[in-house]
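>>> Model the structure of this input:
(one chain, ligands or ions: 1)
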Amino acid sequence: MNSKVFSPLPVNDQACGWTQALPSRQANASLQDEHIADFVIVGAGYTGLSAARKFAQLNPNAKIIIIDAQRAGEGASARNSGYLVDSTLNDGHMSDTGLQQYREKYALNKAGVDCVSRLVNEYQIDCDWDASGKFHATAVPAHEPKLQRFSELLQELELEHRLISGAELKQRLGTGYYTQALWTAGGIMLQPAKLARAYISLLPDNVTLYENSPVLTWRKQGADFLVSTPMGQVKTPKLLMAVNGFMASAGLKRKRAFPLTLTASMTRPLNDSEYASIGSPSAWGLLSAQAMGATVRLTQDRRIMVRNTAEVWPAMNMSASQLNQRKRIHLRGLKRRFPELGTDLFDSCWAGVTCISGNNGQVFDQLESKLLVAGCYNGGGIGLATLFGEQMAYRASGHMTDAIAMIQARPKPNRLPPQPILRWGVRLRLIRDSFIARKEN
Ligand SMILES: Cc1cc2nc3c(=O)[nH]c(=O)nc-3n(C[C@H](O)[C@H](O)[C@H](O)COP(=O)(O)OP(=O)(O)OC[C@H]3O[C@@H](n4cnc5c(N)ncnc54)[C@H](O)[C@@H]3O)c2cc1C
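Predicted coordinates:
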């Protein structure tokens with residue numbers, strides 16, 4: 001294998017509201033000098049951190065190194081909207097094959113939810129865990145049949161849910177913007193940055209985490225891999241690439257997975273009178289019935305988060321003025337739903353890079369002897385990343401598990417058109433979806 005250059009590298013903005021809400025944390029040292037390790041993981045998000053923890057537990061005498069280009073856990077893993085979900089909105093595949101496929105997809109998502117749930121219980125992780133379910137909603141009566149078909153599908157699967165509309169919906173959400181919502185029991189809202197922090201703190205003693213150490217190149221050297229950062233190198237017989245949205249940057253899965261940049265804004269906590277003005281509802285999380293419609297949350301500490309932008313963004317971060325442009329779109333979404341609130345409530349706006357495939361397939365591969373890659377969770381990375389990370393650790397330790405069999409039975413990402421056709425195609429699709437969802441974002 002020739003030396004692979006990692007490009008472009010991630011650069012996080014420092015504006016993520018979930019991270020800003022946490023106490024500051026001293027970053028670990030960056031990688032310096034020459035090292036040898038039994039297992040190296042590139043990428044310290046949910047996937048990499050879960051893999052490191054589990055591999056260390058399975059191999060207590062092994063030396064494990066995990067490296068992140070930025071601060072650990074502060075990529076998509078801290079920037080996401082915090083929905084840990086089992087069911088996903090489906091337009092109602094009622095054929096037997098469609099139903100079976102949905103069942104399998106559901107089972108995998110559920111395994112992800114259970115995996116995080118187990119960790120949260122076992123280690124008493126504080127991540128503002130809220131198991132009150134999630135809403136899928138529409139503000140357009142013409143889109144309501146989609147929710148009704150989803151309801152029929154959930155009925156078929158015997159999954160607890162309820163369609164809600166009118167005054168009851170307005171009271172529950174504190175906004176009369178939506179005409180109908182479907183509530184499902186199996187959805188957990190959490191604080192994503194708290195969860196990522198917890199995963200860092202759970203790393204066993206035989207794991208060394210290096211931060212602010214971008215991997216610039218990596219290559220095969222005899223039976224080993226040589227991974228190089230600006231000030232150090234590490235040699236290992238086993239390498240896991242857990243870089244998700246940066247898979248293509250690593251020269252991996254370029255024809256199967258691509259990065260998508262999402263931006264979100266979050267308000268400061270509403271004060272008592274602002275909170276009363278919207279009817280003092282309990283916390284909730286809502287996903288749009290339309291692909292490009294807004295994801296909106298009211299958090300336990302009374303913040304409102306709006307995420308209603310997704311784009312093919314050529315650079316690896318956004319400047320303050322680029323974020324400000326997105327913030328205006330988020331503000332429009334906030335005002336549509338809560339016209340009684342002020343226009344200066346957002347105190348954070350950030351971008352995050354996630355990974356998408358053309359058919360919702362995920363990556364869980366051994367590309368060549370001892371080179372592993374996991375990621376591309378499409379919309380569902382909290383549970384799946386945690387699960388895939390753990391299962392990669394089993395795989396790298398030579399174990400076979402039921403969960404590995406379930407993951408391997410899922411469709412792999414299908415082949416994508418070459419660039420620049422892919423980029424244009426995704427842009428066109430986003431424009432089309434945004435148009436359909438123009439009253440939902
Ligand atoms: C705005 C947003 C909202 C989302 N909402 C949800 C949601 O509500 N629910 C849900 O389930 N999922 C959601 N997702 C997706 C979810 O966040 C991701 O699927 C998940 O975080 C993936 O975890 P990961 O560890 O694989 O990747 P990441 O968290 O992206 O971690 C990869 C790490 O690799 C590092 N890296 C990259 N290149 C290099 C290099 N050269 N050298 C060293 N390190 C490198 C990065 O710095 C990063 O820390 C959302 C994503 C975004 C961006």
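>>> My guess is L387 contacts A403. True?
Yes - applying CB atoms under 8 Å as the test, L387 and A403 come out as touching, 6.5 Å apart. In short, each C-beta sits where N, CA and C put it, glycine included.
>>> shared neighbours of those two, anything?
A111 (CB atoms under 8 Å, 6 or more residues apart in numbering).
>>> if you count what's nearby, which of the two comes out ahead?
L387 (28 against 18; other CB atoms under 10 Å).
>>> Phi first, then psi, for the nearest residue to G379 once chain neighbours are set aside.
Of all residues not flanking G379 in the chain, T88 sits nearest, at 6.7 Å (CB to CB, 6 or more residues apart in numbering). The phi and psi values for T88, taken as degrees, to the nearest 10, are phi -120, psi 150.
>>> Quick check: which ranges of the stretch 1-150 of the chain have low pLDDT?
In the predicted model, the stretch 1-150 of the chain carries pLDDT under 70 at residues 1, 91-94.
>>> Give me every residue in it lying close to the ligand.
6, 9-10, 42-48, 67-70, 75-77, 79-83 (CB under 6 Å from any ligand atom).
>>> Could you pick out the buried ones from those?
Those of these that meet the buried threshold are 6, 10, 42-48, 67-70, 75-77, 79-83, by 16 or more other CB atoms under 10 Å.
>>> thinking again about what came up before, looks like the residue nearest to G379 contacts G383 (just checking).
No - using CB under 8 Å, T88 is not in contact with G383, being 11.2 Å away.
>>> So those two - more neighbours on which side?
Neighbours per residue, other CB under 10 Å: of T88 and G383, the larger number sits with G383, 25 against 18.
>>> where do the helices sit along the stretch 101-250 of the chain?
144-156, 166-173, 192-201 (DSSP state H, counting those that start in this stretch).
>>> of all those, which gets the most neighbours per residue?
Per residue and on average, the most neighbours among the helices of the stretch 101-250 of the chain fall to helix 192-201, with a mean of 23 (mean count of other CB atoms under 10 Å).
>>> same question for it, mean pLDDT?
Taken as a whole, helix 192-201 has a mean pLDDT of 98.
>>> same for it, what does it pack against?
helix 17-20, helix 46-58, helix 76-79, helix 96-122, helix 381-396 (3 or more CB pairs under 8 Å, 6 or more residues apart in numbering; DSSP states H and E).
>>> repeat that for 7 Å
helix 17-20, helix 46-58, helix 76-79 (3 or more CB pairs under 7 Å, 6 or more residues apart in numbering; DSSP states H and E).
>>> hang on, the earlier thing: from G187, how far out is the residue nearest to G379?
10 Å (CB to CB, to the nearest Å).
>>> Helices along the stretch 251-400 of the chain, start to end?
Using DSSP H, counting those that start in this stretch, helices in the stretch 251-400 of the chain cover 272-277, 320-337, 381-396.
>>> and A27, which of those helices is closest to it?
helix 381-396 (20.9 Å; CB to CB).
>>> Provide the partner residues of the residue nearest to A310 when sequence neighbours are not counted in its beta bridges.
Leaving aside its sequence neighbours, A310 sits nearest to L262 (CB to CB, 6+ apart; 5.1 Å). Beta-bridge pairing for L262 (DSSP bridges): A310, G352.
>>> Near the ligand, which residues of the stretch 251-400 of the chain are found?
262, 264, 307, 352, 354, 375, 377, 380-382, 385.
>>> Please repeat the previous calculation with a cut-off of 8 Å.
260-264, 295, 307, 350-355, 374-375, 377-385, 388-389 (CB under 8 Å from any ligand atom).
>>> What about N359, how many residues nearby?
Neighbour tally, N359, other CB under 10 Å: 12.
>>> Using PDB, list the CA coordinates for stretch 390-409.
In PDB, the C-alpha atoms belonging to stretch 390-409 read as follows (Å, rounded to 0.1, in the frame of the first residue of the first chain):
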ATOM      1  CA  GLU A 390     -17.800  -1.900  20.600                       C
ATOM      2  CA  GLN A 391     -18.400  -4.600  17.900                       C
ATOM      3  CA  MET A 392     -15.300  -3.500  16.000                       C
ATOM      4  CA  ALA A 393     -13.400  -4.100  19.300                       C
ATOM      5  CA  TYR A 394     -14.800  -7.700  19.400                       C
ATOM      6  CA  ARG A 395     -13.900  -8.200  15.700                       C
ATOM      7  CA  ALA A 396     -10.400  -6.900  16.200                       C
ATOM      8  CA  SER A 397     -10.000  -9.300  19.100                       C
ATOM      9  CA  GLY A 398     -11.000 -12.200  17.000                       C
ATOM     10  CA  HIS A 399     -14.600 -12.700  18.400                       C
ATOM     11  CA  MET A 400     -17.800 -13.200  16.500                       C
ATOM     12  CA  THR A 401     -21.000 -11.900  18.100                       C
ATOM     13  CA  ASP A 402     -24.700 -11.800  17.300                       C
ATOM     14  CA  ALA A 403     -24.400  -8.100  16.900                       C
ATOM     15  CA  ILE A 404     -21.600  -8.500  14.300                       C
ATOM     16  CA  ALA A 405     -23.800 -10.900  12.400                       C
ATOM     17  CA  MET A 406     -26.700  -8.500  12.500                       C
ATOM     18  CA  ILE A 407     -24.500  -5.600  11.300                       C
ATOM     19  CA  GLN A 408     -23.000  -7.700   8.500                       C
ATOM     20  CA  ALA A 409     -26.500  -8.700   7.300                       C
END
